[in-house]
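**Q** Sharing a model that was predicted from the sequence below.
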Amino acid sequence: MKWEYITLQLVAAGFEDAAENDGYSALLNQYGSDGWELTATSRYASRMAGGEVIILFFRRPLAG
């Protein structure tokens, strides 16, 4: 099987806010509805972002 991949980067801020979490949940549900499967995560400290950045790695079967 062949796959296609995408990444999503999020600044790790707002996770303690219930409304912000609802937004993250909606975003992840949309990715799932589009056929994307979360396969891995990573994080790093970013001076530019002012905190930690979380990278989400997704894949889905390549169409065709």
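**A** Okay, I see it. Numbering: from 1, shown residues only.

**Q** now the helices: where do they sit in this structure?
**A** 18-33 (DSSP state H).

**Q** Could you list the low-pLDDT ranges of it?
**A** 14-20 (pLDDT under 70).

**Q** how about the strands of it, start to end?
**A** 3-11, 37-46, 51-61 (DSSP state E).

**Q** Name the stretch among these that sits most buried.
**A** For the strands of the chain, ranked by mean neighbour count under the definition mean count of other CB atoms under 10 Å, the leader is strand 51-61 at a mean of 15. Backbone N, C-alpha and C define where each C-beta goes, glycine included.

**Q** Pairing partners for that one, with directions?
**A** The pairing partners recorded for strand 51-61 under DSSP bridges are strand 3-11 (antiparallel), strand 37-46 (antiparallel).

**Q** As CSV, the ones you listed with distance to residue 29 would be great.
**A** Below are the strands paired with strand 51-61 laid out as CSV (distance: least, CB to CB, whole Å):
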stretch, distance to residue 29
strand 3-11, 13
strand 37-46, 11
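
**Q** what's the closest of those to residue 27?
**A** strand 3-11 (7.8 Å; CB to CB).

**Q** Can you name the residues bridging to residue 3?
**A** residue 61.

**Q** Surely it and residue 58 touch.
**A** No - taking contacts as CB atoms under 8 Å, residue 3 lies outside contact range of residue 58: 9.9 Å.

**Q** I appreciate the help and will end here.
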